[in-house]
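**Q** Generate a structure from the sequence data that follows.
(one chain, ligands or ions: 1)
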Amino acid sequence: MSAHPLTIAIDGPSGSGKSSVSKEVARRLGLAYLDTGAMYRAAAWWCLREGVDLDDAESVTAVVDTMPLTMSVDPDDTTVRMDEFNITELIRDSAISTRVSKVATNLDVRAILQNLQRARIAAERNGGFSGGAGIVAKGRDITTVVAPDADVRVLLTASEEARLARRAKDVHGTADAQAVEATKDEVLRRDADDSTVSQFQIAADGVVTVDSSDLDFEQTVAAVIAAVRSVSAL
Ligand code: C5P
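**A** Below you'll find the model as predicted:
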């Protein structure tokens, strides 16, 4: 393990494999794992549950500001709770996937969640679940806005074709033409909406690009760990 706490920031478009790869990197390096996408999903779930109109930006902000969210940062236990409810699975529902960008493009909501994310990263650098080893934080704006000073910053990309096929397999169990078509909203439309507030299509200065189009899971994890080792004496 590194002598100093490590912050690894990973951004990328939908279907690039960010979640599974980031989680596995955290597991192998003994770090915490922060899924910032789950925070936006939880916020959208909570607004719907509270009956808030997602077009009413002010009400959405007020509800998100006081939401009783708790999240585990153990890569082997990614439980998300709102009050006593375990919403880990519920926030993966397509009803949330189709609406989450609406909440995530609210700039006041972004400021609230970005502050929570920075606090969580700082907590892991000073102790927390990782005992001060550090954290892998994954999202859309981690390398650029939330943790631009992270020790390692990676943009995980893949071709549109590869991303659609992957997501179609995850959601529909197959990547045939019909499944790929059904996945377009969740991948292409969502990324287009998200791109209006975050830059995750091209790497910012100092951010390493890992293109997973022709890599399998193991090779992608290895490529990210190689990027980590190039800057840290792990
Ligand atoms: O990573 P995931 O696909 O679960 O993210 C869900 C949504 O959360 C994204 O489509 C985006 O709207 C939002 N998000 C964001 N900024 C992040 C992480 C996620 O806007 N750092």
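**Q** Return the residues in contact with residue 168.
**A** Neighbouring residues of residue 168 by C-beta atoms under 8 Å, 6 or more residues apart in numbering: 174-176, 179-180, 182-183. Where C-beta positions appear, they are placed from N, C-alpha and C, glycine not excepted.
**Q** would CSV of the residues you listed with secondary structure be doable?
**A** CSV is the format used below for those (DSSP: H, G, I helix; E, B strand; the rest coil):
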residue, secondary structure
174, coil
175, coil
176, coil
179, helix
180, helix
182, helix
183, helix
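**Q** Kindly report the residues of the protein close to the ligand.
**A** 14, 36-37, 40-41, 100-101, 104, 139-142, 190, 194, 198 (C-beta under 6 Å from any ligand atom).
**Q** repeat that for 5 Å
**A** 36-37, 40, 100-101, 104, 139-141, 190, 194 (C-beta under 5 Å from any ligand atom).
**Q** Low-confidence bits of this structure, can you list those?
**A** 1-3, 233-234 (pLDDT under 70).
**Q** Out of the residues of the chain next to the ligand, list just those in strands.
**A** If you go by DSSP state E, the residues of the chain next to the ligand have residue 139 in strands.
**Q** And the residues of the chain next to the ligand, which is closest to residue 118?
**A** residue 36 (10.5 Å; C-beta to C-beta).
**Q** Count the neighbours of residue 149 for me.
**A** Residue 149: 8 surrounding residues under other C-beta atoms under 10 Å.
**Q** Now it: closest residue in space, sequence neighbours ignored.
**A** residue 7 (7.9 Å; C-beta to C-beta, 6 or more residues apart in numbering).
**Q** So that neighbour sits against residue 153, correct?
**A** No - Residue 7 sits out of contact with residue 153 when judged by C-beta atoms under 8 Å, with a separation of 9.0 Å.
**Q** from the contacts of residue 168, which is closest to the ligand?
**A** residue 183 (12.6 Å; C-beta to the nearest ligand atom).
**Q** State the three-state secondary structure for the closest residue to the closest one other than its chain neighbours.
**A** Once flanking residues are discounted, residue 183 sits nearest to residue 168: 4.4 Å by C-beta to C-beta, 6+ apart. Here residue 168 is helix, with the state taken from three-state DSSP.
**Q** Could you check how far residue 168 is from residue 186?
**A** Per C-beta to C-beta, to the nearest Å, residue 168 is found 9 Å from residue 186.
**Q** The protein: strands as residue ranges?
**A** Counting by DSSP E, the strands of the chain are 6-11, 32-35, 69-71, 80-82, 85-86, 134-139, 152-157, 208-211.
**Q** Include distance to residue 56 and mean neighbour count when you put these into TSV, please.
**A** Below are these laid out as TSV (distance: least, C-beta to C-beta, whole Å; neighbours: other C-beta atoms under 10 Å):
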stretch	distance to residue 56	mean neighbour count
strand 6-11	29	28
strand 32-35	27	25
strand 69-71	20	16
strand 80-82	20	19
strand 85-86	23	12
strand 134-139	25	29
strand 152-157	33	25
strand 208-211	38	18
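**Q** So what pairs up with the residue sitting nearest the centre point of the chain in the strands?
**A** Geometric centre of the chain, nearest residue: residue 139, 3.1 Å, by C-alpha atoms, centre = their mean. For residue 139, the beta-bridge partners under DSSP bridges are residue 11.
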